[in-house]
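Q: Provided below for reference: sequence and predicted model.
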Amino acid sequence: MGCRGNKTCCGHCWGWVVALAYFGYLLIGAAVFQALEKATETSNQENLQLEKLEFLRNYTCLDAEALKQFAQVVVEAMSKGLHPEGNFSSITNWDFSSSFFFAGTVVTTIGYGHLSPNTVGGQVFCAFYALFGIPFNVIVLNMVGKSITRHAKRLEIQIRKKGFNKVKVAIALLSLLGGTVLFLLLPPLVFGVLEGWTYTEGFYYAFITLSTIGFGDYVVGNNPNRTYAHSYRGLVALWIIFGIAWLAIIFNLFMGIIEESKRVLNKVRFKPRQNGKFCVLMCADAPIQKSGSASDEKLGTAYGSAATPEKESAEPLGVSGTPSSTGSTDGGEAEIALKALGVANAH
């Protein structure tokens, strides 16, 4: 017990170390991206303002060539993450909170596409940052998933002690409901207040983001006509990280339920009888002795692995889970499988 307790304690400590290192990695990335890109962004914003003023000054004598040139300036500005409709101080993409948000989109591979490094140093750093950050992110999400799954299994054991059935399905539904409210249903309300989006648009953004699709048609903190708190994008980055972990757990949980159901079904065979009822036979884990019946060569009884070698054939197991008088009395696995399938007594 002491050894196991020390192992558990070390596992928890290691988890905290990895979590702190992960967030430290994000903070370092945010600081470096800000240092590399902030000055260039400020310079681009100032140049855009000068171009706008020059355009307005010559508006009375505007010709087609001048309009084309100004349109090109606007397109280039937008490709760099600038907003021509606002003033250059209204919004920035490379303050620390926004840089933290960008670092999170890099390691989670969301990649909205609305923003990218413009300097050579920023582009090189982004490549190496993603090279190490993406595997790091996978490790952290895996640890978060295992931690939540471990707590869910403890809850499952406690519930089973109280006599509840179908616990895994119930926990899956509770996890789905709780996570859906926290990560998909509540955030659109917040986005509606802070971004001016409809609830449908907010829900669309939440799912597209957490599933790492990241089209980039909706991005938080990107409206030049609104004022955002400095910590807004950083908090959204944390929501994204934990939301992705939750969604991955839900996918894995339901995949596990499907695989478990397939495993049980693969052990059960239904053999029709002449009276219209079905006889349920369980595949034996070990091969059984051959008998005259071809079906007996393929199908064993639920107690086939424990049958004595002297009996070359075994009677099939009835739906009620009761073995024949010539077989072993070990029908526990059959009863569990039949209860999982909800098969009624055919006798």
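A: Cool, got the structure.

Q: List the single closest residue to Ala19 in space, sequence neighbours excluded.
A: Leaving aside its sequence neighbours, Ala19 sits nearest to Val140 (C-beta to C-beta, 6 or more residues apart in numbering; 6.8 Å). Yep, even glycine has a C-beta here, placed from its N, CA and C like the rest.

Q: mind checking the SS state of the one you found?
A: helix (DSSP: H, G, I helix; E, B strand; the rest coil).

Q: can you tell me how far it sits from Leu186?
A: According to C-beta to C-beta, to the nearest Å, Val140 stands 23 Å off from Leu186.

Q: give me every residue that touches Ile208.
A: By C-beta atoms under 8 Å, 6 or more residues apart in numbering, Ile208 lies in contact with 214-215, 218.

Q: Which helix or strand contains it?
A: Assigning secondary structure by DSSP states H and E places Ile208 in helix 199-210.

Q: which parts of that helix are buried?
A: Buried positions in helix 199-210, judged by neighbour count with 16 or more other C-beta atoms under 10 Å: 201-206, 208-210.

Q: Check which residues of the helix or strand following it are buried.
A: On the C-terminal side of helix 199-210, the nearest following helix or strand under DSSP H and E is helix 232-267. Using 16+ other C-beta under 10 Å as the test for burial, helix 232-267 gives 232-234, 236-237, 239-241, 243-250, 253, 267.

Q: And helix 232-267, what does it pack against?
A: Applying 3 or more C-beta pairs under 8 Å, 6 or more residues apart in numbering; DSSP states H and E, one finds that helix 232-267 contacts helix 96-107, helix 120-161, helix 167-179, helix 199-210, helix 332-341.

Q: what's the average pLDDT for it?
A: Averaging pLDDT along helix 232-267 gives 84.

Q: Quick check: Gly234 vs Tyr112, distance?
A: 16 Å.

Q: Trp94: how many residues sit nearby?
A: For Trp94, the number of neighbouring residues by other C-beta atoms under 10 Å comes to 24.

Q: For it, give me its contacts.
A: Contacts of Trp94 (C-beta under 8 Å, 6+ apart): 33-34, 37-38, 41.

Q: Please report how far it lies from Ala245.
A: Taken as C-beta to C-beta, the span from Trp94 to Ala245 is 27 Å.
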